[in-house]
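In: coords below, sequence missing:
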């Protein structure tokens, strides 16, 4: 790295393990910087509208985090063919997102200026994170990093013309956008104030809701305050964000403390293993899952002891019938609506919810065209079917009540078609059965014993039946749970 | 655990006072059983028929049981006692109480000292009906049903056959208690009312049991007291 700083920056590749980006990859400060960058992104009216409409980060933040992480790693990896493929996938994904915000202004996730802003916030947050933690970057490293991020934009967009070529011009560009274009968008408010207060537990900690809620009650407001204090002053003023005494000290302290992790032995903090561990579900056949299961049972017992030790509350308990929907592995219609159907977490079932499902499935299966479009089309047909059957008040979307009133009509021909298309795209070799590898690609786990498998494969009718049982029979503890229901 | 009401009546106290006094006896007996090396102890706290008692008394019992469970949870954990609750299916069991039962079960699940089964909202016939239902649902052919297979479908199938049943206050009935498991149990009927029943009485019952000649329908074994 030091040799490259004096001479031509072209000597080391802009992508790959030698890049500045990789150096920050496992840095704990990066977690704080990513939150900050996301708020700055969301504050852009176009991105904010797209996030509110399409993103699953409220209802499924951990899955979203994992997908983003894997995508970034592919984009900044050394292999250019992987990068091109990922860029094409991201472009297809974003091309499906357009619409208009609450004030009627159109947004389009393919807008070039907007996409440049996303890259700009990432770069600026990386620089700021170093500044705030008391280890500012040198001019040459900054320039090199800027070149990397421009190359990232170029890989996505074809060229990086939307970002100024020179780093000095970049700061003018950045300040101009912050001062003139950013707004107090709904998405930014959601991230700052709602996301952390209501953050669902990741799969790993799902068994200890009391523990999670207690930790969240402390960490949520803290993260919010830290992020607010780290935002640029002009934006804080425009968005009317609070200035709390001590907030900036707290924020700098947090960055400083996270920066101290550099004294830990190498390899102790590895973003990939942390994210993978968090999204580990106990049913998976990963060897670590057994450790996790043991840990989880300990946490369960700790939570049970905690509950038994806390003084009983005097308030009358609600009837047993209302909260328990888990009888015989079935979940209540409300629960199914909230965890599976309403992917964007806005309380309504709308096309973006189903599109998010299609997106998650095609991401898992790593689909190319034309399979991806086939899957989306099948979901779109299902959405039309649902809309026709369930949207009784004609507002174009389906509310939880409308869904609960008409649950039985859910398994129509379009849903069966979705199951069939899903089977066909999962069956990559076209053998007419899903073998163990294809199954693993979709569910990230091996066949379960209870599946109707014949000699290590999964037939079409059994696959379709399972999917329908999950989607309409509301059966829990199926392999689709970690796929679509987990946070 | 009979005789709480009579114990209170003799002292001109409300019936609820008898239930309160029972708590001491429960803890005393659990400790005595553990110390005596008993591996499986079951307490019959509330039967499916007890729902017929007056509403206020049932309500009081529910609150009392909840308080006792919470109060003694750390002690049970520390003493290595595995707790579980037999029954608890009626929707009338308060949600909070059911959750405390679940919590205590989870908390002590790894203990191996002694297994304490609290029969709460329990009925022996209901368990047998449940087992039959589960057997039918599992699709077992009629020819293959054996006693052992049937027992596997009872709640907590790892529970061994009951060796000794102690019924306090001189009552001499089965009252629908673990009907399947008591098939060859020895019965002891001490006169003491449950709130007065203490470790010494319990040990006396154990002694009586050891003096019994258990033949299980066969010829008398050569020596007595081999079986623990």
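Out: Received the coordinates, thanks. None of the values given here were measured: they were computed from a predicted structure.
In: okay, CA-based contacts and neighbour counts for the rest of this
Out: Noted.
In: Give me the residues contacting the helix or strand hosting residue B:45.
Out: When elements are defined using DSSP states H and E, residue B:45 is found to belong to strand B:40-47. With Cα atoms under 8 Å, 6 or more residues apart in numbering or on different chains as the contact definition, strand B:40-47 has outside contacts at B:1, B:30, B:33, B:114-123, B:176-177.
In: just stretch A:227-245 next, same as before
Out: For stretch A:227-245, the surrounding residues in contact (Cα under 8 Å, 6+ apart) are A:32, A:35-36, A:40, A:178-179, A:182-184, A:192, A:247-248, A:251.
In: Tell me the one among those nearest to residue B:210.
Out: When the contacts of stretch A:227-245 are compared for distance to residue B:210 (Cα to Cα), residue A:32 wins out at 69.3 Å.
In: Now do the contacts for the closest one.
Out: Applying Cα under 8 Å, 6+ apart to residue A:32 gives the contacts A:129, A:227, A:255.
In: for it, helix, strand, or coil?
Out: Per DSSP: H, G, I helix; E, B strand; the rest coil, the local secondary structure of residue A:32 is helix.
In: pLDDT score for the closest residue to chain B within the stretch 51-200 of chain A?
Out: Closest contact between the stretch 51-200 of chain A and chain B, by Cα to the nearest Cα, is at residue A:200 (21.9 Å). On the pLDDT scale, residue A:200 is placed at 79.
In: what's the answer for residue A:98, then?
Out: As summarised for this prediction, residue A:98 has a pLDDT of 77.
In: cool, residue A:417 as well?
Out: 84.
In: so it sits right up against residue A:378, yeah?
Out: Yes. The pair residue A:417 and residue A:378 qualifies as a contact (Cα atoms under 8 Å) at a distance of 6.5 Å.
In: Give me the more crowded residue out of those two.
Out: Set side by side, residue A:417 and residue A:378 give different neighbour counts by other Cα atoms under 10 Å in any protein chain shown, the larger being at residue A:378 (22 against 17).
In: and the more buried one, what element?
Out: Assessed by DSSP H and E, residue A:378 sits inside helix A:371-390.
In: From the contact counts, what lies against that helix?
Out: Using 3 or more Cα pairs under 8 Å, 6 or more residues apart in numbering or on different chains; DSSP states H and E, the elements in contact with helix A:371-390 are helix A:351-365, helix A:413-426.
In: Neighbour-wise, which one of the contacts of stretch A:227-245 leads?
Out: residue A:36 (28 neighbours).
In: how many neighbours does residue B:179 have?
Out: 16.
In: Where does it sit: helix, strand or coil?
Out: Assigned by three-state DSSP, the conformation of residue B:179 is coil.
In: per-residue confidence for the residue sitting nearest the centre point of chain B?
Out: In chain B, the centroid-proximal residue (Cα atoms, centre = their mean) is residue B:43; its distance is 2.5 Å. According to the per-residue confidence, residue B:43 scores 94 in pLDDT.
In: How far off centre is the helix holding residue A:378?
Out: Per Cα atoms, centre = their mean, to the nearest Å, the displacement of helix A:371-390 from the mean C-alpha position of its chain is 23 Å.
In: contact partners of it?
Out: Contacts for helix A:371-390 (Cα under 8 Å, 6+ apart): A:350-351, A:354-355, A:358, A:362, A:396-398, A:402-403, A:406, A:409-410, A:412, A:414-415, A:417-418, A:421-422, A:425.
In: That one to helix A:413-426, inter-axis angle?
Out: With axes from the mean of the first three to the mean of the last three Cα atoms, to 10 degrees as the basis, helix A:371-390 and helix A:413-426 are set at 160 degrees to each other.
In: Next secondary structure element downstream of helix A:371-390?
Out: strand A:398-399.
In: Show me what that following strand is packed up against.
Out: Based on contacts counted as 3+ Cα pairs under 8 Å, 6+ apart, the elements that strand A:398-399 packs against are strand A:348-349.
In: could you redo the last one with a cut-off of 10 Å?
Out: The criterion is 3 or more Cα pairs under 10 Å, 6 or more residues apart in numbering or on different chains; DSSP states H and E, and the helices and strands that strand A:398-399 contacts are strand A:348-349, helix A:371-390.
In: Would you mind finding the most buried of these?
Out: strand A:348-349 (a mean of 23; mean count of other Cα atoms under 10 Å in any protein chain shown).
In: Residue A:333 versus residue A:174, what's the distance?
Out: 47 Å (Cα to Cα, to the nearest Å).
In: And for residue A:469?
Out: Distance, residue A:469 to residue A:333, by Cα to Cα: 14 Å.
In: what residues does the stretch 151-300 of chain A put near chain B?
Out: Listed as neighbours of chain B in the stretch 151-300 of chain A under the rule Cα under 10 Å from any Cα of the partner chain: A:297, A:298, A:299, A:300.
In: Who wins on neighbours among the residues you listed?
Out: Using other Cα under 10 Å as the neighbour criterion, residue A:300 leads those with 22 neighbours.
In: now the host helix or strand of that residue, how far from the centre of its chain.
Out: Residue A:300 is part of helix A:287-309, with elements assigned from DSSP H and E. For helix A:287-309, the gap between its own C-alpha mean and the chain's C-alpha mean amounts to 26 Å (Cα atoms, centre = their mean).
In: Give the buried residues for the very next helix or strand once past it.
Out: Per DSSP H and E, helix A:287-309 leads on to helix A:333-336 as the next helix or strand towards the C-terminus. By neighbour count with 16 or more other Cα atoms under 10 Å in any protein chain shown, helix A:333-336 contains the buried residues A:333, A:335, A:336.
In: now the residue lying closest to the first one once chain neighbours are set aside: how far from residue A:415?
Out: With sequence-adjacent residues excluded and distances taken as Cα to Cα, 6 or more residues apart in numbering or on different chains, residue A:333 is closest to residue A:404, at 5.9 Å. Residue A:404 is 18 Å from residue A:415, where distance means Cα to Cα.
In: Ok, residue A:134 next?
Out: Residue A:134 sits 55 Å away from residue A:415, going by Cα to Cα.
In: For these two, indicate the residue with more neighbours.
Out: A count of neighbours by other Cα under 10 Å puts residue A:415 above the other of residue A:134 and residue A:415, at 23 against 14.
In: residues contacting that one?
Out: Residue A:415 makes contact with A:378-379, A:381-383, A:385-386, A:421, A:464, A:467-468, A:471-472, according to Cα atoms under 10 Å, 6 or more residues apart in numbering or on different chains.
In: now residue A:271
Out: The contact partners of residue A:271, taken as Cα under 10 Å, 6+ apart, are A:25, A:26, A:27, A:28, A:30, A:31, A:69, A:277.
In: Do you know the pLDDT at it?
Out: In this prediction residue A:271 is given a pLDDT of 70.
In: what do you get for residue B:19?
Out: Reading off the per-residue confidence, residue B:19 sits at a pLDDT of 92.
In: Residue B:119 should be in a strand, yeah?
Out: Yes. Secondary structure assignment places residue B:119 in a strand (three-state DSSP).
In: and the gap between it and residue A:101?
Out: 60 Å.
In: With residue A:194 instead?
Out: With the distance defined as Cα to Cα, residue A:194 ends up 19 Å from residue A:101.
In: And the strands in chain B, which stretches?
Out: Secondary structure of chain B by DSSP state E: the strands cover B:40-47, B:81-87, B:114-122, B:164-166, B:186-188.
In: Average pLDDT for the fourth one, rounded please.
Out: Mean per-residue pLDDT for strand B:164-166: 94.
In: ok, now the longest one?
Out: On average, the pLDDT along strand B:114-122 is 94.
In: Next, the angle from it to strand B:40-47.
Out: Taking the same axes, to 10 degrees, strand B:114-122 and strand B:40-47 form an angle of 20 degrees between their directions.
In: Partner strands of strand B:114-122, with direction?
Out: Using DSSP bridges, strand B:114-122 pairs in its sheet with strand B:40-47 (parallel), strand B:81-87 (parallel).
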